[in-house]
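Undergrad: Give me a 3D structure for the following:
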Amino acid sequence: MRQAAKDTYEFYFVNPFTLQEEGKVDVDASQSSLTWGYYTDNKLTGSFKALNSIGRNKLIRVKQTIEIPNQPIYSRALGTLFVENSGESAKYKLTQTSLSCYSTLWRFTQDILSQDFYRPAGYNVVQEMRELVEADGGKFQVMPSVDTSVKHTRDILFEMGTNRATVLNTIAGWIGCQIYPDEDGYITLDRYVAPQDRQVSYTFESGENCIYLSGADIEENSSAINRVICFYQAQGTENGQSVVHSDVVTLDLDAGNPFSYQNIGRRVSYKLQYPDVRYNENEPSRQQLADYGNAYLRNNSSVGTRYLEIEAANVPTLKAGDVVRYMNDIDFETPINVKAEVTEMDMKLNLGGMTKYRLKVIG
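TA: Now for the predicted structure:
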């Protein structure tokens, strides 16, 4: 825990269409928490204890200020969330309201297309995502890592009734991106980087800056693979004739891998198509096919996933999805030093913002 630190939490009503703050909300921070889940639909949920009735369908922003002697004051927004429901309790003429809240992605995970969504070949992909978000009053932003010039190589159609978040996530995946809500409520498009390729953002060392909470939790993976067949196809026209360009590479796990063909005696193959290839424009080389296929193979070849849980004062720069190093020579028979992805963060809004981190071991 940060020594001699003072943590202050403030809550504000937010206009859902402008994301501008519109006044404070009286909330008991000591009975409130935030939970980030990298692999969850809404990415962020909150449980707040308001000191008066505020009703449903509000948008609330949580801010934290950290004051440490002889250091600059640090302030940040933690998240901006819709109130799903509220339940009131009263005693001795004091009313408290329990609030269940969800990030601004909730606007899309809880809604469907009211009509078919069609865009022709040649339409800008980022532009259509902006239209999807802003048509419902949301705010959209694009990170510098994203290529904003990418266009569709063929017509696309999502039928009426399709979940709006499914549409956004699908389109983002086509161009190697992901979406998430930022702290101020903007739906953000960012380049996706596989966990194994992300840089280590922070190091946790048990007994120094964190506490180890539980034994190793192993989750079996029934869909593990040991071979990827990666290919592309691009159709065009030459001299009035239809022509197809294509190539394929086959990739296997190294013999030393526990799930390799040499160790289990059978192939478990997956057919993987290289995405969004345009004829005579961006056709991948064999090396690009191999790199893409190997990345998929690395992410889907583990027969079991190991999870660890630790508790520490909240690290302001750390987000769900970041990769950390975890070292522990105290609790295990053999000391461990692993690279892990932060899949969940459960933060109590108290001194130090004590947070439980769920770590997925990736190396």
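
Undergrad: Buried ones in stretch 68-78, by neighbour count?
TA: For stretch 68-78, burial by neighbour count (16 or more other C-beta atoms under 10 Å) applies to Ala77, Leu78. Using the backbone N, CA and C atoms, a C-beta is placed for each residue, glycine as well.

Undergrad: start at 25 instead
TA: Sure, I'll start numbering at 25, so the last one becomes stretch 92-102.

Undergrad: Quick one: mean pLDDT for it?
TA: In this model, stretch 92-102 has a mean pLDDT of 89.

Undergrad: Number of residues surrounding Asn304?
TA: Asn304 has 10 neighbouring residues, counting by other C-beta atoms under 10 Å.

Undergrad: Could you check how far Arg215 is from Tyr204?
TA: Arg215 sits 12 Å away from Tyr204, taking C-beta to C-beta, to the nearest Å as the criterion.

Undergrad: likewise Ile136?
TA: Distance of Ile136 to Tyr204, computed by C-beta to C-beta: 21 Å.

Undergrad: neighbour count winner among those two?
TA: For Ile136 versus Tyr204, neighbours defined as other C-beta under 10 Å are more numerous around Tyr204 (20 against 14).

Undergrad: Help me confirm that the more buried one comes into contact with Asp214.
TA: Yes: the criterion here is C-beta atoms under 8 Å, and Tyr204 meets it with Asp214 at 7.0 Å.

Undergrad: what's the nearest residue to Met378 once chain neighbours are set aside in contact with, if anything?
TA: Spatial nearest neighbour of Met378, excluding adjacent residues (C-beta to C-beta, 6 or more residues apart in numbering): Lys372 at 5.1 Å. By C-beta atoms under 8 Å, 6 or more residues apart in numbering, the contact set of Lys372 is Ser56, Ser57, Met378, Thr379.

Undergrad: in terms of contact, does the last one touch Asn338 like I think?
TA: Yes: the pair Thr379 and Asn338 passes the contact test of C-beta under 8 Å, sitting 4.5 Å apart.

Undergrad: Identify the contacts common to the two.
TA: When C-beta under 8 Å, 6+ apart defines a contact, the residues bordering Thr379 and Asn338 alike are Met369, Met371.

Undergrad: what about the stretch 175-324 of the chain, any weak spots by pLDDT?
TA: 238-245 (pLDDT under 70).

Undergrad: So which residues of it form helices?
TA: Under the criterion DSSP state H, counting those that start in this stretch, the stretch 175-324 of the chain contains helices at 188-198, 285-288, 310-323.

Undergrad: Could you export the last one as CSV, CA atoms only?
TA: Provided in CSV are the C-alpha atoms of helix 310-323 (Å, rounded to 0.1, in the frame of the first residue of the first chain):
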residue,chain,number,x,y,z
ARG,A,310,4.3,-16.8,-47.4
GLN,A,311,6.2,-15.2,-44.5
GLN,A,312,3.2,-13.1,-43.6
LEU,A,313,1.0,-16.2,-43.8
ALA,A,314,3.4,-18.0,-41.5
ASP,A,315,3.5,-15.2,-39.0
TYR,A,316,-0.3,-14.9,-38.9
GLY,A,317,-0.7,-18.6,-38.6
ASN,A,318,2.0,-19.0,-35.9
ALA,A,319,0.4,-16.2,-33.8
TYR,A,320,-2.9,-18.1,-33.9
LEU,A,321,-1.2,-21.4,-33.1
ARG,A,322,0.6,-19.9,-30.1
ASN,A,323,-2.7,-18.5,-28.7
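
Undergrad: Contacts only, for the residue most central in space within the chain.
TA: The residue lying closest to the centre of the chain (C-alpha atoms, centre = their mean) is Tyr62, at 3.8 Å. Tyr62 makes contact with Ala344, Gly345, Glu365, Val366, Thr367, Glu368, according to C-beta under 8 Å, 6+ apart.

Undergrad: What's the per-residue pLDDT of it here?
TA: 96.

Undergrad: before we move on, back to that, out of the contacts of Tyr62, flag the one nearest to Asn250.
TA: Closest approach between the contacts of Tyr62 and Asn250, by C-beta to C-beta: Glu365, at 21.9 Å.

Undergrad: Can you report how many residues neighbour that closest one?
TA: Glu365 sits with 22 neighbouring residues when counted by other C-beta under 10 Å.

Undergrad: Tell me what it is bridged to.
TA: Under the criterion DSSP bridges, Glu365 forms beta bridges with Val347, Lys384.

Undergrad: Could you chop the protein up by domain?
TA: The domain map for the chain lists 30-127, 132-215, 219-244+328-385, 251-323, with the assignment taken from automatic domain parsing.

Undergrad: any idea how far Trp198 is from the nearest residue to Val272 once chain neighbours are set aside?
TA: In space, and not counting its chain neighbours, Val272 is closest to Phe255: 3.9 Å by C-beta to C-beta, 6+ apart. The spacing between Phe255 and Trp198, counted by C-beta to C-beta, is 17 Å.

Undergrad: Among those two, which residue is more densely surrounded?
TA: Using other C-beta under 10 Å, the more surrounded residue of Phe255 and Trp198 is Phe255, with 18 against 14.

Undergrad: right, and that one touches His269 too?
TA: No: counting by C-beta under 8 Å, Phe255 stays clear of His269, with 11.2 Å between them.

Undergrad: Make CSV out of the contacts of Tyr62 and add pLDDT and distance to Gly260.
TA: Listed next are these as CSV, based on pLDDT from 0 to 100; distance: C-beta to C-beta, whole Å:
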residue, pLDDT, distance to Gly260
Ala344, 96, 42
Gly345, 96, 38
Glu365, 95, 40
Val366, 96, 44
Thr367, 95, 42
Glu368, 96, 46
